[in-house]
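[1] Quick one, fold the following:
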Amino acid sequence: MQASSRSSFQPVEAGAILAGTIGACAGGGALAGWAAGDTGYGVLGGVAAGIPVGVFAVYRRFKGYFS
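    Now for the predicted structure:
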């Protein structure tokens with residue numbers, strides 16, 4: 001029996017997950033800001049919230065690589 005192979009870390013995929021998550025949060029923030037009357041602050045809040053969410057999403061995807 002062979003040991004299970006370690007998943008490989010792919011920087012392009014990690015970057016795409018990070019950028020996509022931040023973009024989705026920014027879009028949600030834009031919609032919330034538009035509903036509240038100021039789209040710019042909504043986008044800013046969405047990006048600020050999207051950075052830690054994106055880092056967590058990358059960690060969850062590649063958690064086998066980091067341990």
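[2] what's the next secondary structure element after whichever strand or helix holds Ala57?
    Secondary structure assigned from DSSP states H and E places Ala57 in helix 39-61. Downstream of helix 39-61, the first helix or strand assigned by DSSP H and E is helix 63-66.
[3] And that following helix, how far out from the chain middle?
    Mean-position distance between helix 63-66 and its chain equals 17 Å (C-alpha atoms, centre = their mean, to the nearest Å).
[4] Secondary structure element holding Ser8?
    Short version, using DSSP H and E: Ser8 is in no helix or strand.
[5] Identify the nearest residue to Ala14 in space, disregarding sequence-adjacent positions?
    Nearest residue to Ala14, sequence neighbours excluded (C-beta to C-beta, 6 or more residues apart in numbering): Val58, at 5.0 Å. (Glycine included, C-beta is placed from N, CA and C.)
[6] Quick one: neighbours of the one you found, just the number.
    By other C-beta atoms under 10 Å, the residues close to Val58 number 18.
[7] Residue ranges in the chain under the pLDDT threshold?
    1-7, 66-67 (pLDDT under 70).
[8] any idea how far the residue most central in space within it is from Asp38?
    With distances taken as C-alpha atoms, centre = their mean, the residue of the chain nearest its centroid is Gly54 (2.1 Å). For Gly54, the distance to Asp38 (C-beta to C-beta, to the nearest Å) stands at 23 Å.
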